[in-house]
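**Q** Next comes the sequence, and after it the predicted model I'd like to discuss.
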Amino acid sequence: MKVCRNCKEEKEYSDYSARCMTCKQCLKERYKGKVAEYYKNNSEAICKRTSAYYKANAEKYTEYKKDWRKDNPVKDAEAWSQRREADLPLFRAKEALNSSVRRVQKKLATPSWANKSKMLELHKEAGKKGFHVDHIVPLRHPLVCGLHCEDNLRVISPHENHTKSNKLIEDIV
């Protein structure tokens, strides 16, 4: 047991940092205000440093995030949910915008000769099986834009669809 120099309470040795006469709780209280004040006074420089670090180490950071998400799926889902809940109106607005952009793109990518009844049958078939309807050639891709017609649609599993994402089949293979 050891007596803290600051709060004068007797505590276990595990409650102290190495070679320190002040307990961890008192140290935390002492530096709490100083750290907040330092950040307030130097926030611009800190942001620039942080931004420069992430730009210089973008690949490494992206790989780290990908590995962390794979190793911690539950924590990742919880964090995503918390971020979404923290700013729900913004997320809803973004979802609405993305949805409307997608609808417009599909409409613009649908040729006049497209067989809409066959396309509707594909969607019904997918819905019954719990599958997704995928555009073989994506509607949005840096190299090519596919058409929204029956010849460019196929029924695949949700996992395959999410894995393929916005890629061409040649990109995956």
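**A** Received, thanks.

**Q** all contacts plus neighbour counts: C-alpha atoms, from now on.
**A** OK.

**Q** what does the helix or strand containing Gln82 contact?
**A** Element membership for Gln82 (DSSP states H and E) is helix 73-86. Helix 73-86 has contacts (CA atoms under 8 Å, 6 or more residues apart in numbering) with Arg69, Phe91.

**Q** roughly how far out does that helix sit from the chain middle?
**A** 9 Å (CA atoms, centre = their mean, to the nearest Å).

**Q** Helices along this protein, start to end?
**A** Here the chain has its helices, by DSSP state H, at 24-56, 58-71, 73-86, 88-108, 116-129, 158-164, 169-172.

**Q** quick one, which of those is nearest to Gly146?
**A** Among the helices of the chain, the nearest to Gly146 by CA to CA is helix 88-108 (9.7 Å).

**Q** quick check: angle from that closest one to helix 73-86?
**A** Orientation of helix 88-108 against helix 73-86 (axes from the mean of the first three to the mean of the last three CA atoms, to 10 degrees) gives an angle of 100 degrees.

**Q** model confidence over helix 88-108, on average?
**A** Averaging pLDDT along helix 88-108 yields 92.

**Q** Over to stretch 66-81?
**A** For stretch 66-81, the mean pLDDT works out to 93.

**Q** how about it as PDB, C-alpha atoms only?
**A** In PDB, the C-alpha atoms belonging to stretch 66-81 read as follows (Å, rounded to 0.1, in the frame of the first residue of the first chain):
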ATOM      1  CA  LYS A  66      -9.700  -3.100 -43.100                       C
ATOM      2  CA  ASP A  67      -8.000  -5.600 -40.800                       C
ATOM      3  CA  TRP A  68      -9.500  -4.100 -37.700                       C
ATOM      4  CA  ARG A  69     -13.000  -4.300 -39.200                       C
ATOM      5  CA  LYS A  70     -12.500  -7.900 -40.200                       C
ATOM      6  CA  ASP A  71     -11.200  -8.800 -36.700                       C
ATOM      7  CA  ASN A  72     -13.900  -6.700 -34.800                       C
ATOM      8  CA  PRO A  73     -17.200  -7.000 -36.800                       C
ATOM      9  CA  VAL A  74     -19.400  -6.500 -33.700                       C
ATOM     10  CA  LYS A  75     -17.500  -3.300 -32.600                       C
ATOM     11  CA  ASP A  76     -17.500  -2.000 -36.100                       C
ATOM     12  CA  ALA A  77     -21.300  -2.500 -36.400                       C
ATOM     13  CA  GLU A  78     -21.800  -0.800 -33.100                       C
ATOM     14  CA  ALA A  79     -19.600   2.100 -34.000                       C
ATOM     15  CA  TRP A  80     -21.400   2.500 -37.300                       C
ATOM     16  CA  SER A  81     -24.700   2.400 -35.600                       C
END
